[in-house]
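Peer 1: Got a predicted structure here, sequence first:
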Amino acid sequence: MKILLVLMEFEFLILFFSLHMESACEDMNTNETIKANNGSEMKNSSVDRNDCLRIFEKYGLDLNIQENSNFSGCSETFREEFYKILCRGDYERPVEIISKLRCYFQHYGHPFLTIAPFKVEEISKDPVILLYHDFVFEAEIEKIKYFAENKMNVSQTISKDGEAVVSPARKSKSCFLSNVESKTELKGLTRRIADSTTLSMDSSEYFQVVRYENGEYYRPHHDFFTHPKVIRRNKSNRIATFLMYLSDVQEGGYTVFPKLRLYVKPQKGAGIFWYNLFDNGHGDLRMLHGACDVTSGTKWISTKWIREEGQEFKRPCSRRPIGGV
Ligand SMILES: O=C(O)CCC(=O)C(=O)O
């Protein structure tokens, strides 16, 4: 009899736990609607209910967090918890995804690049994210840090009103290098970004340099402009990003793409490239990314934002609907 009671109690606990977990994940797929910058709406299907259940289960996430909120905040909690998992480098992507990724030497048949090709690692196929190993030379890294050293200020973000503001979403020091530093002193680096991406650098921004100290970060954001005032002020939008690591980081500081469930560990000299816009000009919301907290050491990066202007023949635009690739 006693054994029977224990068994019943055990079954009840399992039932309670699975119901609780299912409810906690109920709205993962249904409530996730994202507004695009042209006002149209996209469903985010990248996190479905079964994935949510599996990840909650696998990582033993605290389901009780939801108890007082009728489970309505499941997506939010899930996102926050999952972001932390990515920041710890504690997530393995499914084998169906990683088995399709390749590493290769990139040279486009260019005579110079044939003898010194770029070392490319595909991080994601769709959308394309490429990791370039040993891209920035040591001498260039020293130069960039030297130019930036006395110019660094508290980093800012763009507010809802389209103004640059200091915000808790971003903690670091940063600056833009000057025209001469970017175009003359770092001509070789700019040239290699043009060669590797096959995009024009004519309208690209000057190099931005960022330094994160212990505990500093940049919360998830998109690099493309959304505020009409900012788009007008900047003339054309940021079609692509080339982000370079100027240091290793002792602990933390990963670059995370939460919607794609991937993270990149900073590696001195490496660069990552991705498109921010679809070829129809709309922002690609999958490219949401952030910089995790640096938990030990200092992280240096430099970013080259590439603009739409001048890419008409390099990456012709299309009239495909949003999300069309
Ligand atoms: O520091 C990083 O890893 C990402 C930086 C970033 O997203 C940015 O500066 O826009």
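Peer 2: Yes, it's here.
Peer 1: and the stretch 101-250 of the chain, which residues reach the ligand?
Peer 2: Contact residues, the stretch 101-250 of the chain versus the ligand (C-beta under 6 Å from any ligand atom): V210, Y218, D223, L243. Backbone N, C-alpha and C define where each C-beta goes, glycine included.
Peer 1: The second one touches R170, doesn't it?
Peer 2: Yes. Here Y218 lies in contact with R170, judged by C-beta atoms under 8 Å, at a distance of 4.8 Å.
Peer 1: Touching both of these two, which residues are there?
Peer 2: Any residue near both Y218 and R170 by C-beta atoms under 8 Å, 6 or more residues apart in numbering counts here, and that gives S155.
Peer 1: Minimum distance to the ligand, which residue of the stretch 101-250 of the chain gives it?
Peer 2: Sorted by distance to the ligand under C-beta to the nearest ligand atom, the residues of the stretch 101-250 of the chain start with Y218, at 5.0 Å.
Peer 1: Surely that residue is within a strand?
Peer 2: Yes. Applying DSSP: H, G, I helix; E, B strand; the rest coil, one finds Y218 inside a strand.
Peer 1: list the helices and strands the helix or strand S174 falls within packs on?
Peer 2: Per DSSP states H and E: S174 is located in strand 173-176. Here strand 173-176 touches strand 153-154, strand 208-212, going by 3 or more C-beta pairs under 8 Å, 6 or more residues apart in numbering; DSSP states H and E.
Peer 1: Beta-bridge partners for G271, please?
Peer 2: Per DSSP bridges, the residues bridged to G271 are Y132, M244.
Peer 1: any idea how far the ligand is from it?
Peer 2: 11 Å (C-beta to the nearest ligand atom, to the nearest Å).
Peer 1: quick one: contacts for that residue?
Peer 2: L131, Y132, F135, V136, I193, F242, L243, M244, Y245.
Peer 1: Could you turn the buried ones of those into a PyMOL selection?
Peer 2: Selecting only the buried entries of those in PyMOL, with 16 or more other C-beta atoms under 10 Å as the criterion:
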select buried, resi 131+132+135+136+193+242+243+244+245
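Peer 1: For this structure, which segments are assigned as helices?
Peer 2: 2-25, 49-58, 74-87, 95-98, 111-115, 138-148, 179-180, 187-197, 228-234 (DSSP state H).
Peer 1: weakest of the ones you listed by average pLDDT?
Peer 2: Per-stretch mean pLDDT for the helices of the chain is lowest at helix 2-25 (a mean of 45).
Peer 1: I'd like to know how many residues surround V180.
Peer 2: 11 (other C-beta atoms under 10 Å).
Peer 1: just to revisit the earlier point, can you pick out the most distant pair from the residues of the stretch 101-250 of the chain next to the ligand?
Peer 2: V210 and D223 (13.0 Å; C-beta to C-beta).
Peer 1: Tell me which of those two has more neighbours.
Peer 2: Taking neighbours as other C-beta under 10 Å, V210 and D223 compare with V210 leading, 22 against 19.
Peer 1: isn't R211 right next to V294, touching?
Peer 2: No. With contact defined as C-beta under 8 Å, R211 does not reach V294; the gap is 9.8 Å.
Peer 1: and these two? which has more neighbours close in?
Peer 2: V294 (24 against 21).
Peer 1: How about that one: what's its closest non-neighbour residue?
Peer 2: Closest residue in space to V294, ignoring its immediate chain neighbours: G253 at 4.2 Å, by C-beta to C-beta, 6 or more residues apart in numbering.
Peer 1: My guess is the one you found contacts K299. True?
Peer 2: Yes. G253 lies in contact with K299 (C-beta under 8 Å); the separation is 4.1 Å.
Peer 1: before we move on, the earlier item: including mean pLDDT, could the helices and strands packed on strand 173-176 go into a markdown table?
Peer 2: A markdown table is the format used below for those (pLDDT from 0 to 100):
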| stretch | mean pLDDT |
| --- | --- |
| strand 153-154 | 98 |
| strand 208-212 | 98 |
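Peer 1: JSON lines for those strands, including distance to R233?
Peer 2: Shown next, in JSON lines, are these (distance: least, C-beta to C-beta, whole Å):
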{"stretch": "strand 153-154", "distance to R233": "20"}
{"stretch": "strand 208-212", "distance to R233": "17"}
